[in-house]
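could you look at this predicted model? Sequence included:
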Amino acid sequence: MNLDLRWPIGLMFGLFGVILTGYGLLSDRAIYTRSLGIDVNLWWGLVLIVFGALMLWFAIRAVGRRHHEREAAPPDSPPAQ
Amino acid sequence: MEHIHLGAIDYTILVVYFAFVLGIGWVLRRFVKSSDDFFLSGRSIPSWIAGLAFISANLGAQEVIGMGASGAKYGMMTSHFYWVGAIPAMVFVGIFMMPFYYGSRARSVPEYLKLRFDEKTRGFNAMTFAVMTVFSSGISMYALAKLLELILGWNFNTSVVLSAIIVLVYIFLGGLTSAIYNEVLQFFLIVAGFLPLVLLGLRDVGGWTGLKAKLAVVATNAGYASGAWSDSWKHLGSANANPMGVEWFGMIMGLGFVLSFGYWCTDFLVIQRAMAANSMTAARRTPLVAAFPKMLFPFLVILPGMIAIAVQTSHGGLLPVGADGTPNYNLAVPEMLAHYLPSGLLGLGLTALMASFMSGMAGNVTAFNTVWTYDIYQSYIRPGKSDTHYLRMGHAATVFGILLSVAAAYATTRFNNIMDMLQLVFAFVNAPLFATFLLGMFWRRTTGHGAFWGLLLGTAAAAIHHGLTLPHGDVAGIKGGFLGMVLHTYPSEMAQNFWTAIFAWTACFVLTIAISLATSRTKSDDDLTGLVYALTPRITDTHLPWYKRPAALGVVVLGLTLALNLIFW
């Protein structure tokens, strides 16, 4: 495969997670009356960080595995990304 | 409704998303070296990616908005569009049909028809499909721009131009791979954007039990049994007992068999995702992988509509009620977003809505440029050119496919009736298709003449049935009855649609058999190897662990779907 899709998924959701968590920590509590008093930005941000990290971890693991395979056979092209 | 106000944080999320979408196209551009790369991703996509793209391509904004609207209007019965109207067909196409689509090395569904039958059958399918995809993408572009105008106050032209440019750029750069990768991104985004909405809504109404109690009020107020909005099967005994106005036979045969198999098993838009898979097993697994999230999607897209109608005791729930007393069901999802999500998550929810729109549009555009280039341009206009020539044509087709979609979007703003009529004609064309494929793949005696005339007469049968019937309470015209007399009145438009499909399919099935028997075969058994079930060697996958075997996955998928039907019976 040319570009491991798990990189952009992990990066994008990780970034969304960081943005939402940060906003959740800084924002005025008053905006959360509509979400039943729950700071949903904070909590959902954390969920997205975990999801993004998981995807990145899969992607990193795959790079390691490809590296191993290449040690057996000579490299033909540099890995994408 | 009142305009939703977006904050800086919401725009940030939207911009980050656009940046990633375009970035993926940019990174992928250097992998597009041949027409195969551009139109078929060089058949290199693993099954989990192809599978998620398979459902995402189908998940346009109209689906998200429409399913929410149906959830409010019909309640839990809407789940039939998934559990009856999608999953069984997805299992069937993966296990039984994919060996011929993928194994024949056809590059498109019309090309399969050419290999199996003849030139005229391919030509008919390619032309109607190309026109249909352009108009569907135009209509969904129109729908999204209208929606953004209504809920955000955005300028209609800006929405159309912006979305067209973004989709154009990422497909132009990276071809099908780029469309597929972005569809997967969009799949996760739709889950991330809608799941918090559903969780908050459910918490607000007191969980499933609370929702059921509130929906019972909605149902009894509308004059139905108290469970009419929260049961999926109990009220299908007669068409008068449920808000859809459909009975079980029309539901199972019309939606579950004809329409669903006709779409999932023959529409190149979805099949193309599986054709891009990196092996036969991966191609067969594609619709099966897709079936797992698909069976859970009702909770993501239908529940918001059900919550919207139930959460407040007033008539129409959260939805604005029009002058004639009908709630505006199409606003179910936007109203829910505005009601529950604070700045931040609101941006994510709206981004998800736009993502769903783009995935739908990109699906249409990539299917269009492939069918145009391979099945029309290469077959009838300029055969025998170099691969670079067709790759260039693919790029050009992407540009004019999108320009035509934009034109269709503007045509819709001017002539709404013409669009309704076109969609009606598309429905007629689609209804009999599955009979042709079923006979083509499983009966070697089916001839090209049989397939072509069966298809054409099946389409005519759909038009005649529609022209002689009317939904209850409608006048003759676009809704039916245009042939001068009305032989039958259906309780609802949906019932009429289901029965139109049943008639068309039956006509096509019977006529294809009759005409095939009356005409002689033009293709020998050798020609049909790999295209017809009886003449194709069985695929053995016993070396794979059970959870990677298509048949075993199919059984698991069907078992889980059955369980969901029983739980929400």
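That came in fine, so what should we check first?

can you give me the neighbour number for residue 36?
Defaulting to chain A. As a burial measure, A:Leu36 scores 12 neighbours (other CB atoms under 10 Å in any protein chain shown). From N, CA and C alone the C-beta is placed, and that goes for glycine too.

ah, no, chain B please
19.

now the closest residue to it other than its chain neighbours: phi and psi?
Once flanking residues are discounted, B:Asp36 sits nearest to B:Gly42: 5.4 Å by CB to CB, 6 or more residues apart in numbering or on different chains. When read as degrees, to the nearest 10, the backbone of B:Gly42 gives phi 60, psi 20.

surely B:Gly42 touches B:Ser35?
No: counting by CB atoms under 8 Å, B:Gly42 does not reach B:Ser35; the two are 10.0 Å apart.

low-scoring pLDDT stretches of chain A, where are they?
Low-confidence segments of chain A (pLDDT under 70): A:1, A:70-81.

re the thing from before, show me which of B:Gly42 and B:Ser35 is the more surrounded one.
Between B:Gly42 and B:Ser35, counting by other CB under 10 Å, B:Ser35 is the more crowded of the two (23 against 20).

now for that one: which residues touch it?
Counting by CB atoms under 8 Å, 6 or more residues apart in numbering or on different chains, B:Ser35 makes contact with B:373, B:387, B:390-391, B:394.

sorry, back to before: tell me the confidence at the residue nearest to B:Asp36?
B:Gly42 is assigned a predicted lDDT (pLDDT) of 84.

kindly report the same for B:Asn416.
The model reports B:Asn416 with a pLDDT of 64.

again with B:Ile502
For B:Ile502, the pLDDT comes out at 90.

now the helix or strand where it lies, how far from the chain's geometric center?
Under the criterion of DSSP states H and E, B:Ile502 resides in helix B:493-518. Chain-centre distance of helix B:493-518: 21 Å, with CA atoms, centre = their mean, to the nearest Å.

what comes up buried for it?
Neighbour counts over helix B:493-518 (16 or more other CB atoms under 10 Å in any protein chain shown) mark B:493-509, B:511-513, B:515-516 as buried.

mind giving me the packing neighbours of the longest helix anywhere in chain A?
Taking DSSP state H as the criterion, chain A has its longest helix at helix A:40-72. Counting contacts by 3 or more CB pairs under 8 Å, 6 or more residues apart in numbering or on different chains; DSSP states H and E, helix A:40-72 packs against helix A:6-26, helix B:156-205, helix B:345-370.

quick one: average confidence on the longest one?
In other words, helix B:156-205. Averaging pLDDT along helix B:156-205 yields 91.

what angle do the helix or strand following it and helix B:156-205 make?
Next in sequence after helix B:156-205, counting helices and strands by DSSP H and E, comes helix B:207-221. Here helix B:207-221 runs at an angle of 110 degrees relative to helix B:156-205 (axes from the mean of the first three to the mean of the last three CA atoms, to 10 degrees).

count of neighbours near the spatially closest residue to B:Val198 that is not a sequence neighbour?
Spatial nearest neighbour of B:Val198, excluding adjacent residues (CB to CB, 6+ apart): B:Leu303 at 5.2 Å. Using other CB under 10 Å, B:Leu303 is surrounded by 26 other residues.

again with B:Ser44
B:Ser44 sits with 18 neighbouring residues when counted by other CB under 10 Å.

also B:Trp26?
Number of residues near B:Trp26 (other CB under 10 Å) recorded here: 14.

so who does it touch?
B:173-174.

and it, how far from B:Phe172?
11 Å (CB to CB, to the nearest Å).

and for B:Trp264?
For B:Trp264, the distance to B:Phe172 equals 28 Å [CB to CB].

more crowded one of these two?
More crowded of B:Trp264 and B:Phe172, by other CB under 10 Å: B:Trp264, with 28 against 21.

quick one: the strands in chain B?
B:469-471, B:488-490 (DSSP state E).

returning to that earlier point: adding distance to B:Leu59, write the helices and strands packed on helix A:40-72 out as JSON lines.
Below are those laid out as JSON lines (distance: least, CB to CB, whole Å):
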{"stretch": "helix A:6-26", "distance to B:Leu59": "17"}
{"stretch": "helix B:156-205", "distance to B:Leu59": "7"}
{"stretch": "helix B:345-370", "distance to B:Leu59": "5"}
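
number of residues surrounding B:Arg29?
The number of residues packed around B:Arg29, counting by other CB under 10 Å, is 15.

just checking, it touches B:Gly174?
Yes: checked against CB under 8 Å, the pair B:Arg29 and B:Gly174 is within contact range at 5.7 Å.

return the distance of the helix or strand bottoming out on mean pLDDT in chain B from the chain's centre.
Using mean pLDDT, DSSP states H and E, the weakest-scoring helix or strand in chain B turns out to be helix B:416-430, at a mean of 74. Its chain's C-alpha centre and that of helix B:416-430 lie 16 Å apart, by CA atoms, centre = their mean.

put the alpha carbons of it into PDB.
C-alpha atoms of helix B:416-430 as PDB (Å, rounded to 0.1, in the frame of the first residue of the first chain):
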ATOM      1  CA  ASN B 416     -37.800  21.300  -9.300                       C
ATOM      2  CA  ASN B 417     -40.300  19.200 -11.200                       C
ATOM      3  CA  ILE B 418     -37.800  18.200 -13.800                       C
ATOM      4  CA  MET B 419     -35.600  16.700 -11.100                       C
ATOM      5  CA  ASP B 420     -38.500  14.900  -9.500                       C
ATOM      6  CA  MET B 421     -39.300  13.400 -12.900                       C
ATOM      7  CA  LEU B 422     -35.600  12.400 -13.500                       C
ATOM      8  CA  GLN B 423     -35.500  10.700 -10.200                       C
ATOM      9  CA  LEU B 424     -38.600   8.800 -11.100                       C
ATOM     10  CA  VAL B 425     -37.200   7.700 -14.400                       C
ATOM     11  CA  PHE B 426     -34.000   6.500 -12.600                       C
ATOM     12  CA  ALA B 427     -36.200   4.500 -10.300                       C
ATOM     13  CA  PHE B 428     -37.800   2.800 -13.300                       C
ATOM     14  CA  VAL B 429     -34.400   2.000 -14.800                       C
ATOM     15  CA  ASN B 430     -33.000   0.600 -11.600                       C
END
